[in-house]
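Peer 1: Build me a structure from this.
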Amino acid sequence: MPGFVFTDDFIEQVRGANDIVEVIGQQVHLEQKGKTLWGLCPFHAEKTPSFSVSTDKQMYYCFGCHASGTVFNFVMETAKLSFPEAVRTLAARANIPLPEAVADSPAVRAKRKERQLLYRVNQWTTDYFCSQLRQATDAKAARDYLARRGLAADLVEKMRIGYAPAGWTNLVEAAESSQVPLATLVQLGLIVPRQQSGYYDCFRARVMIPIADERGRVVAFGGRVLDDALPKYLNSPESVLFDKGRLLFGLHYASPFIGKAGCAVLVEGYMDCLAAWQYGVGHVVASLGTALTMPQARLLKRYTNQVILCYDADSSGLRAALRGLDILVKAGLQVKVATLPSGKDPDDCLRQQGADYFLQEILGKAQPITEFQLSMLRREYDLDTVDGKSQFVVAAASVLARLNNEVAKTAYAQRIAREIQVPEAAVFAELTKHTRTASPARGDKLGNSRDTTSVDLAAMTEPDPVLRGFQIAEDKLLGLVLNNVTGSEELLVAWQELDVYAYPIDRELVELLKDELQKGQVLDVRRLREQVTSPELGKRLAQVVWSDSLELENAAIVASDCLGKLKQLAIRCAIADVQKRLQKEVDVAIRKQLLQDLQILIEKQKGLRH
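Peer 2: Got it, this is the predicted structure:
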């Protein structure tokens, strides 16, 4: 029912009728320990229970993988449903009828009926192609082709791979005899109307591979020719069901393997994907072409935080990998790139070298993003010439400037200097130019040029108990706000004015909570968790809810103490930043100004201690 928004009252009715312990207990064995129930986490492999469910909070939280949420989140994650789909599923479980506006809407019913017909026709077509692979008079070539590609009969059957016979009207005639609507086949791009009258098949003399969505429903087909005809691969055109930029081939099959492996391998085409599955490498999905999209990256992010790109070793494959890097990183994924031997694709490596080689020598030696980008730059420039070295250093500095880790940035710069035999100072000078361009300084509330967007607590070299003290202060403040204590909005405003966060994700959480309060909302942590789509934000919200730092008595005093603690953090970070800049700065006038700034900050720090 696209576009329909359930009312808050209806959502609360469904939530109240589905006790989270009962729903989760149907899939996870839970044991009571105090007020909390514990079990083995369904979202990651473990031997000791770290998955907790709270009857009082009606929420769950895993202390191992940090999965968290409400009964709706659990159904969404385990069944891979959208929020409206989870609401409908739990409403049906509790025998709660959907609101009349949804159930009785002719437009909604018509659209739902249309989609159901499209799915049924795709399933009928899948069955037809499978039968033709076994029965068609010219299907031997297709069976031989699949055998040559190393695909065993059981995988072919499991993946419902079939064959579209040669000839122009085989599918049309089969549909007519089975009373399948030809108009629906046209809508799905499986047959095409002739100019005068009648129809002809779109796919002819091709091995047919069903393309399914993440729930395993066939939405399209990919056809592979058996000779040298072009195009070699032909996919169904986009339809109501099929948007290739929002789909990953094989995700319905690969998702449990991705969970076990802790990462996904992204290849370019479905034959690479099928070959990997044949050899027991199950955590592989394909992008249905070289152009990876943000919706595909976000879809992948629902299943894992880590991705290995494994595209063909030719130039177009490498260019596609480079384009895909930025998209995956922007989606919040940790990315590595697996380099294939020249002229090989994943299918070749698996068939010629086997699964162990592919896992150990290709995936096991995948490079982090920066390593891969630098290796690509080395190929691009002639490092035997002065011009080549100069251009390489400029390009490499642009890559390194985007790193947040100063140690990694320095180590890479030193290595580049050694590799191309130039002074380290030259590389660092170029890196400094790009770093200033990438991260322009801005003034903060303490009168220095620190960029408080990313506070590097580790750079402060404080002992762990000190850092933990700042984090506990943030836990307490957030706990007070989530319990709607008086003056919550003012607390958040005061925190934002300090512009410092022991947990960087708290910046985003504070903004979210302030927005909710400014709308006049009473904060409901369960509703907030359901709204949050960012895994990191959801994790942080759950950590606060499960924290043992909450102090609701004397809330005003606790809040004042916590804000005072964060003021100390702000000054400590500012001092650390000035000290770091002093170590690198050589200009006498700038050093003098920095020393003056440092003295002012130290005096402020002393004032907070009294």
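Peer 1: Show the contacting residues for residue 205.
Peer 2: Taking Cβ atoms under 8 Å, 6 or more residues apart in numbering, we find residue 205 in contact with 138, 164, 165, 166, 225, 226, 227. Bear in mind the C-beta positions are built from the backbone N, C-alpha and C, glycine included.
Peer 1: Between those, which sits nearest residue 596?
Peer 2: residue 225 (74.3 Å; Cβ to Cβ).
Peer 1: Name the residues linked to the closest one by a beta bridge.
Peer 2: residue 206 (DSSP bridges).
Peer 1: Report whether the expected contact of it with residue 203 is present.
Peer 2: No. Using Cβ atoms under 8 Å, residue 225 is not in contact with residue 203, being 10.0 Å away.
Peer 1: Neighbour count: these two, which is higher?
Peer 2: residue 203 (26 against 17; other Cβ atoms under 10 Å).
Peer 1: residue contacts, the residue nearest the centre of the chain?
Peer 2: Nearest residue to the geometric centre of the chain (Cα atoms, centre = their mean): residue 301, 1.7 Å. Taking Cβ under 8 Å, 6+ apart, we find residue 301 in contact with 331, 332, 333, 535.
Peer 1: any residues in contact with both of residue 225 and residue 203?
Peer 2: residue 234.
Peer 1: Assign residue 142 to helix, strand or coil.
Peer 2: helix (DSSP: H, G, I helix; E, B strand; the rest coil).
Peer 1: What residue, apart from its backbone neighbours, is nearest residue 511 spatially?
Peer 2: In this structure, residue 511 finds its nearest non-sequential neighbour in residue 496, 7.7 Å apart by Cβ to Cβ, 6 or more residues apart in numbering.
Peer 1: Isn't the one you found up against residue 512?
Peer 2: No. Residue 496 is beyond contact range of residue 512, at 12.0 Å (criterion: Cβ under 8 Å).
Peer 1: excluding its backbone neighbours, what's nearest residue 201?
Peer 2: residue 171 (4.5 Å).
Peer 1: Likewise for residue 136?
Peer 2: Computed as Cβ to Cβ, 6+ apart, the closest residue to residue 136 that is not its neighbour in sequence is residue 165, at 4.3 Å.
Peer 1: Now for that neighbour: which residues touch it?
Peer 2: Residue 165 neighbours (Cβ under 8 Å, 6+ apart): 132, 136, 137, 138, 139, 204, 205.
Peer 1: Pass me the low-pLDDT residue ranges in the stretch 301-450 of the chain, would you?
Peer 2: Where the stretch 301-450 of the chain drops to pLDDT under 70, the residues are 313-322, 435-450.
Peer 1: for it, what spans make up the helices?
Peer 2: Secondary structure of the stretch 301-450 of the chain by DSSP state H, counting those that start in this stretch: the helices cover 315-330, 346-353, 355-357, 369-380, 386-400, 406-420, 424-438.
Peer 1: The stretch 51-200 of the chain now?
Peer 2: 71-79, 83-93, 100-103, 106-135, 140-148, 153-158, 170-177, 182-187.
Peer 1: for the fifth one, packing partners?
Peer 2: Identification of packing neighbours for helix 140-148 by 3 or more Cβ pairs under 8 Å, 6 or more residues apart in numbering; DSSP states H and E yields strand 206-212.
Peer 1: Could you give the number of residues near the closest residue in space to residue 42 that isn't next to it in sequence?
Peer 2: Spatial nearest neighbour of residue 42, chain neighbours left out: residue 28 (5.5 Å); criterion: Cβ to Cβ, 6+ apart. By the measure other Cβ under 10 Å, the count of residues near residue 28 is 20.
Peer 1: Confirm residue 28 sits in a strand?
Peer 2: No. Counting by three-state DSSP, residue 28 is not part of a strand but coil.
Peer 1: ok, it - contacts?
Peer 2: By Cβ under 8 Å, 6+ apart, the neighbours of residue 28 are 39, 40, 41, 42, 51.
Peer 1: Of all the helices of the stretch 301-450 of the chain, which one is nearest residue 260?
Peer 2: helix 355-357 (15.4 Å).
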